[in-house]
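Peer 1: What follows is a predicted structure for the sequence shown.
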Amino acid sequence: MIEVEEALARVLALVAPLGAETVALRDALGRVLAAPVTARADQPPFAASAMDGYAVAAPDLRPGARLALGPEIPAGATPSGPLPPGTAARVFTGAAVPPGTAAVIIQEVVCAQAGTITLPDPLPRETHIRPQGQDFAQGDSFQPARPLRPADLGLIAAMNLAEVSVHRRPEVAILSSGDELVWPGEDPGPAQIVASNSLALAGMVTAAGGVPRMLPLARDSVESLSDVLALSAGCDLIVSSGGASVGAHDVLARHAAELGLELDFARVAMRPGKPLMAGRRHGVPMLGLPGNPVSALVTATLFLRPMLARMQGLEARPRPDRGVLGAPLPANGPRRHYLRATLARDAQGQPVLTPFAHQDAGRQRLLAEADALVIQPANGPALPTGAEVDFLPL
Ligand SMILES: Nc1nc2c(c(=O)[nH]1)N[C@H]1C(S)=C(S)[C@@H](COP(=O)(O)OP(=O)(O)OC[C@H]3O[C@@H](n4cnc5c(N)ncnc54)[C@H](O)[C@@H]3O)O[C@H]1N2
Ligand code: MOO
C-alpha cells in the first residue's frame, strides 16, 4: 500500500504532455496552447478615440477656446492629416484621431453651434485617447497556463490570429467491468445494477478537456476483459472501474498480467479508494479505479484529473483549502479519509464543512449532494465542531 502523494507522483509519471495540433480559434475554447501566440499587429493599431466628441490639438487645447469644425471622422475613416490650427474634428468612439491630437473632449461638455465649438472651462482632465499599442504591441506573446477562456479567445482574435496550436485532447477509453452491470435505461436482472461509473467518468474526462471513448461493458472473465480492452487501441489512456479488489471475481486485479497489464501499484492508503491500481497496457497508461461509484469518482478526482491536465501540458494537482468543521468527526483509521461534506460560510466568511454522517462508498447521492471532500489524515484523532480541517472543493 502506498501513500496518496506517492500514488499521484507515479500516475503522473505514466503520462506526458501530448503533441500539438492546429485548430480554428472558434474551436479552441477549453484547449491548452501548445506554444505562445504572437500578436500580428498593435492594438489599437492607431491612436483611437475612446469617446464620441471632438479631437483637439495641443496648441488649441485651452479652456473656453472657440474652434472651427473640420471634417467628421467616424470609426473606420482615415484622418486626412493633422488638425489645421484653430480647428477641431468631430470624432466618434473607435475612430483614429488626427496626428497631434492632444485630447478628445466629450460632446456632453462642448457647446457646438453653427460649425464651431466652444471648449469648456475648466478643461476635463481625461484625454480619452487610446494610444497605439496600448493594449498590446505587435510581437507581444501570450500563453496562459490553463485552458483557454472566452476572454483569451477574444484577445487572440484581436491579435489577428484565426488558428492556434494546442495540445491534442487525450482520448480516454472508459471500461466498466462486472457481471452485475447493465447500461442505464436497460432492465437489470434481479441481482443486477446499472453501470453508472462509465457515464460519470466520461463526464469528468469531457469536463477536463479529454475525449471519452466508452467501451462496452466487460464481464468478469479474462476473455471478456481482453476483448473489451482490445477496443481501447489508439487511446492515450485507459480508465477502468471495478474488479480491482481481492474477490475471486475481481478479474482485472487477479489476472492483470494475462490481460497485458504491467501494474506499477495496486493499493493506496486512502478511503474510499484503497483498491486503486495503475500501470500500462501495451505501453498505454492505465488507471484502474475501484468499482464502488464513490470510490471511482473520488479517485478519479484525485488522480485522473491531474493526469488529464498533464497530458494537456498543465500542472493541476489537487490543492486543499482550509476550513472548520460544522459537526464533530470520529477518529480515523490507518488510511487517509476523504469525507463527503457540505460547504457553507460562517458570519466571517470562513468555510464550514459538515461531513455526512454516512460515508458508505456505494452512496452516490451523498456524493452528488456534497460540495467538498474533507481530508482527515491517517490515524487522525476525533475532532470537535469548529476544528480546522483541509478540504477539496468539488
Ligand atoms: N475482502 C475485501 N473486500 C473488499 C475490499 C477489501 O479490501 N477486502 N475492498 C473493498 C473496497 S474498499 C472497494 S472500493 C471495493 C472495490 O472493489 P472492486 O474494484 O473490485 O469493485 P467491484 O467489486 O467490481 O464493485 C464494487 C461495487 O461497485 C459496483 N460497481 C462496479 N462497477 C460499477 C459501475 N461501472 N457502475 C456502478 N457500480 C459499479 C459493484 O456492483 C459493487 O457493488 O471492494 C471492497 N471489497
Ligand atoms: O475504497 Mo473502498 O472505496 O473504501 O469502498
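Peer 2: Right, received. Where do you want to start? Ligands and ions are numbered 1, 2, ... in the order given.
Peer 1: who's in contact with the closest residue to residue 40 other than its chain neighbours?
Peer 2: Spatially, and ignoring its direct neighbours in sequence, residue 40 is nearest to residue 160 (4.2 Å; C-beta to C-beta, 6 or more residues apart in numbering). The C-beta positions use only the backbone N, C-alpha and C, and glycine is treated the same way. Contacts for residue 160 (C-beta atoms under 8 Å, 6 or more residues apart in numbering) come out as 39, 40, 41.
Peer 1: Tell me the gap between stretch 316-331 and the middle of its chain.
Peer 2: 23 Å (C-alpha atoms, centre = their mean, to the nearest Å).
Peer 1: Same question for stretch 26-40.
Peer 2: Distance, centroid of stretch 26-40 to centroid of chain: 14 Å (C-alpha atoms, centre = their mean).
Peer 1: Buried residues in that stretch, which are they?
Peer 2: 28, 30, 31, 32, 33, 34, 37, 39 (16 or more other C-beta atoms under 10 Å).
Peer 1: what about the second one, which SS state?
Peer 2: So the one you mean is residue 30. At residue 30 the chain is in coil, as set by DSSP: H, G, I helix; E, B strand; the rest coil.
Peer 1: what about it, distance to residue 256?
Peer 2: 34 Å (C-beta to C-beta, to the nearest Å).
Peer 1: Stretch 378-394: end-to-end distance?
Peer 2: Taking C-alpha to C-alpha, to the nearest Å, stretch 378-394 runs 21 Å from one end to the other.
Peer 1: if we can go back for a sec, what's the most distant pair in the buried residues of stretch 26-40?
Peer 2: 30 and 39 (22.2 Å; C-beta to C-beta).
Peer 1: residues from the protein in reach of ligand 2?
Peer 2: 271, 272, 273, 274, 275, 290, 292, 295, 361 (C-beta under 6 Å from any ligand atom).
Peer 1: Buried ones from those residues, can you make that a PyMOL selection?
Peer 2: Command for PyMOL that selects the buried part of the residues of the chain next to ligand 2, burial taken from 16+ other C-beta under 10 Å:
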select buried, resi 271+272+273+274+275+290+292+295+361
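Peer 1: Output those of the residues of the chain next to ligand 2 also counted as contacts of ligand 1.
Peer 2: Okay, of these touching ligand 1 (C-beta under 6 Å from any ligand atom), that's 272, 274, 275, 290, 292, 295, 361.
Peer 1: TSV for those, including distance to residue 311, pLDDT and secondary structure?
Peer 2: As requested, these are exported to TSV (distance: C-beta to C-beta, whole Å; pLDDT from 0 to 100; DSSP: H, G, I helix; E, B strand; the rest coil):
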residue	distance to residue 311	pLDDT	secondary structure
272	25	96	coil
274	26	94	coil
275	24	94	coil
290	22	95	coil
292	26	95	coil
295	23	96	helix
361	27	92	coil
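Peer 1: residue nearest the centroid of this protein?
Peer 2: Taking C-alpha atoms, centre = their mean as the criterion, residue 147 is the residue nearest the geometric centre of the chain, at 5.2 Å.
Peer 1: which residue packs closest to the residue in the chain that ligand 1 sits nearest to, ignoring adjacent ones?
Peer 2: Taking C-beta to the nearest ligand atom, ligand 1 has its nearest neighbour within the chain at residue 291, 2.5 Å off. Leaving aside its chain neighbours, residue 291 sits nearest to residue 242 (3.2 Å; criterion: C-beta to C-beta, 6+ apart).
Peer 1: Test my guess that the one you found contacts residue 196.
Peer 2: No. With contact defined as C-beta atoms under 8 Å, residue 242 does not reach residue 196; the gap is 11.3 Å.
Peer 1: what about those two, which has more around it?
Peer 2: residue 242 (30 against 17; other C-beta atoms under 10 Å).
Peer 1: any idea how far residue 31 is from the more buried one?
Peer 2: 32 Å.
Peer 1: Can you read off the pLDDT for residue 246?
Peer 2: Residue 246 is assigned 79 on the pLDDT scale.
Peer 1: Could I get the contacting residues of it?
Peer 2: Residue 246 touches 253, 275, counting by C-beta under 8 Å, 6+ apart.
Peer 1: try 6 Å
Peer 2: Counting by C-beta atoms under 6 Å, 6 or more residues apart in numbering, residue 246 touches no other residue.
Peer 1: What helix or strand is residue 390 located in?
Peer 2: Assigned by DSSP states H and E, residue 390 belongs to strand 388-393.
Peer 1: Parallel or antiparallel, which strands does that strand pair with?
Peer 2: strand 321-325 (antiparallel), strand 372-376 (antiparallel) (DSSP bridges).
Peer 1: Switch the ones you listed over to CSV; also include mean neighbour count.
Peer 2: Converted to CSV, those look like this (neighbours: other C-beta atoms under 10 Å):
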stretch, mean neighbour count
strand 321-325, 17
strand 372-376, 23
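Peer 1: show me where the chain has helices.
Peer 2: 4-14, 150-158, 197-207, 222-230, 251-254, 293-299, 305-311, 364-368 (DSSP state H).
Peer 1: ok, the residue nearest to the centre of the chain touching residue 29?
Peer 2: No. With contact defined as C-beta atoms under 6 Å, residue 147 does not count as touching residue 29 (8.0 Å).
Peer 1: ok, stretch 242-250 near ligand 1 or not?
Peer 2: Yes. Counting by C-beta under 6 Å from any ligand atom, ligand 1 is contacted by stretch 242-250 at 242, 243, 244, 245, 246, 247, 250.
Peer 1: any idea how far the first one is from ligand 2?
Peer 2: Using C-beta to the nearest ligand atom, to the nearest Å, residue 242 is found at 12 Å from ligand 2.
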